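*Asks:* kindly generate the corresponding structure for this input.
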Amino acid sequence: MYVFQNYFEQDDEVRDAASREPISVLHVINGEHYAGAERVQDLLGETLPRYGFRPVFAALKPDQFPAKRRFTEPPLYATPMRSRFDLRPARALAAIALREDCRVIHTHTVRAALVGRVAAALTGLPMVHHLHSPTTSETTRSMRNLFNAAMERVSTCNIAGAIAVSSSLRGYGEAHGIPAERISVVHNGVPICSTFAPRPTPTRTWTIGCMALYRPRKGLETLLDAIPLLRDLGLKVRLQAVGKFETPEYEREIHERVARLGIADSIEWRGFRSNTAAEFAAMDLFVLPSLFGEGLPMVMLEAMSFGVPIVASRVEGVPEAIEDERDGLIVRPGDATALSEAIARYMLGAVDWQEFRASARRRQAAEFSTESMARGTAEVYRRVLGEAAGEPF
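*Replies:* The predicted structure is shown next:
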């Protein structure tokens, strides 16, 4: 059994921050879904106070995040936008920032950057923007992507700071006009479990797990197409699909594909689950078949934390978290044959399932924890506040 250090108890920075009055930061979010970016926001809401900063949330599309967030202590305001061009919530955001004595405005989406920029101008507060994924390839609709990217570029011109969740997104930010010296790479992080329970190497039927807000860019079709290929090799798998579909139309398309492939008996649709620990405990492999648009997937980091070996497609920040052939296997996006072959390598013993799960677990604990994410975010705030004051903070 592996036991990891409790970084919170050992962190001098945390103890120093606890002795100071916390500084409030207004986080402007969408709040429509509860997926990877929202998980980051939720965890920052829990962890940033340890580093001297008090998050305050304002949701522009208050739907799932207010109901599903795990850490409810940070205040959350509903400031709904009636359309993507509705700037009226900016005045409400400015009033909230003043009421809560916020010192920084932190935006997390294109919509948030648009109104957050106006609120920053009204209050004179510095603005930090979080780059969670590349806006130019966030959806399958190219015109919408181009429009959103243009809006993001206008809204983030000359901002005080930007946080990129991966080095690839740092390059994206630079290409879209944010000065390199104002972009900090702060990797996403998830909690470190204190123990790593031993598990026997699977035999016979393997449970393949996938967890996402299912939408076309997540590549679920590729994973479904891989299942008959595994059957052709004489390998028995069961897919445990956790998460909701973005739209009823897309859900219908997926179920029609499942019927055509004749694999309905090999899939369990689990829907949204708040207890992800129980879901990962039932998985023998975790598969992330995304086609594009992944900054640094939180769900992949969670799989690493629970010691579930991974097969993932080579998109954006994935290779920054997983070292291929050591922490997991990385394949070409959209290639069902390559995906099935990688899964088969685990099942046939061509790679060491036990060593891969231990290696991924160690890497997550060392580099992708909630503490490292909060610490890096706090450092950005301190730099921005120091520059605003004209002196080191």
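
*Asks:* in stretch 247-260, which residues are buried?
*Replies:* Of all the residues in stretch 247-260, those buried under the rule 16 or more other CB atoms under 10 Å are I254, V258. The C-beta positions use only the backbone N, C-alpha and C, and glycine is treated the same way.

*Asks:* am I right that A162 falls within a strand?
*Replies:* Yes. Checked against DSSP: H, G, I helix; E, B strand; the rest coil, A162 lies within a strand.

*Asks:* residues near it, how many?
*Replies:* 25 (other CB atoms under 10 Å).

*Asks:* ok, it touching H176?
*Replies:* No. Contact between A162 and H176 fails when scored by CB atoms under 8 Å: they sit 9.8 Å apart.

*Asks:* find the residues that touch each one of those two.
*Replies:* T156 (CB atoms under 8 Å, 6 or more residues apart in numbering).

*Asks:* how is the chain divided into domains?
*Replies:* Domain segmentation of the chain under automatic domain parsing yields 2-189+369-389, 195-367.

*Asks:* least confident of those domains, on average?
*Replies:* Across the domains of the chain, domain 2-189+369-389 has the smallest mean pLDDT, namely a mean of 89.

*Asks:* now that one, how far from the centre of its chain.
*Replies:* The chain centroid and the centroid of domain 2-189+369-389 are separated by 13 Å, computed with CA atoms, centre = their mean, to the nearest Å.

*Asks:* same question for stretch 260-280.
*Replies:* Mean-position distance between stretch 260-280 and its chain equals 20 Å (CA atoms, centre = their mean).

*Asks:* residue at max distance from the center of this protein?
*Replies:* G234 (35.0 Å; CA atoms, centre = their mean).

*Asks:* where do the helices sit along the stretch 51-200 of the chain?
*Replies:* Assigned by DSSP state H, counting those that start in this stretch, the helices in the stretch 51-200 of the chain fall at 64-68, 89-99, 110-123, 142-155, 167-175.

*Asks:* and these: which comes nearest V258?
*Replies:* The closest of the helices of the stretch 51-200 of the chain to V258 is helix 64-68. By CB to CB, the value is 25.3 Å.

*Asks:* show residues contacting that closest one.
*Replies:* Looking at what lies outside helix 64-68 - CB under 8 Å, 6+ apart - the contacts are 29-34, 38, 41-42, 59, 76, 78, 272, 274.

*Asks:* one more time with 6 Å, if that's ok
*Replies:* G31, H33, Y34, E38, A59, L76 (CB atoms under 6 Å, 6 or more residues apart in numbering).

*Asks:* cool, and stretch 230-249?
*Replies:* Taking CB under 6 Å, 6+ apart as the rule, stretch 230-249 contacts 205-215, 251, 266-270, 272-273, 279, 340, 344, 347.

*Asks:* out of those, which are buried?
*Replies:* Neighbour-count burial (16+ other CB under 10 Å) is assigned, among those, to 206-215, 266-267, 269-270, 279, 340, 344, 347.

*Asks:* rewinding a little: quick check: the residue farthest from the centre of the chain vs G209, distance?
*Replies:* 21 Å (CB to CB, to the nearest Å).

*Asks:* between the contacts of helix 64-68, which sits nearest V25?
*Replies:* L76 (13.5 Å).

*Asks:* spit out the contact partners of that closest one.
*Replies:* Shown in contact with L76 (CB under 6 Å, 6+ apart): F57, P66.

*Asks:* what about G386, how many neighbours?
*Replies:* 12.

*Asks:* also V154?
*Replies:* Considering only other CB under 10 Å, V154 is surrounded by 13 other residues.

*Asks:* please list all residues in contact with it.
*Replies:* By CB under 6 Å, 6+ apart, V154 has no neighbours at all.

*Asks:* what does the one 3 residues further on give?
*Replies:* Taking CB under 6 Å, 6+ apart as the criterion, C157 is in contact with no other residue.

*Asks:* ok so, going back, three-state assignment of the residue farthest from the centre of the chain?
*Replies:* coil.

*Asks:* in the stretch 1-150 of the chain, which spans are strands?
*Replies:* 2-3, 23-29, 53-59, 76-78, 102-107, 127-131 (DSSP state E, counting those that start in this stretch).

*Asks:* now do the strands in the stretch 151-300 of the chain.
*Replies:* Counting by DSSP E, counting those that start in this stretch, the stretch 151-300 of the chain has these strands, from start to end: 161-164, 183-185, 195-196, 206-211, 237-242, 267-271, 285-288.

*Asks:* tell me what angle the longest helix along the chain forms with strand 127-131.
*Replies:* If you go by DSSP state H, the chain has its longest helix at helix 370-389. Taking axes from the mean of the first three to the mean of the last three CA atoms, to 10 degrees, one finds that helix 370-389 is oriented at 150 degrees with respect to strand 127-131.

*Asks:* what is helix 370-389 packed up against?
*Replies:* helix 36-47, strand 161-164 (3 or more CB pairs under 6 Å, 6 or more residues apart in numbering; DSSP states H and E).
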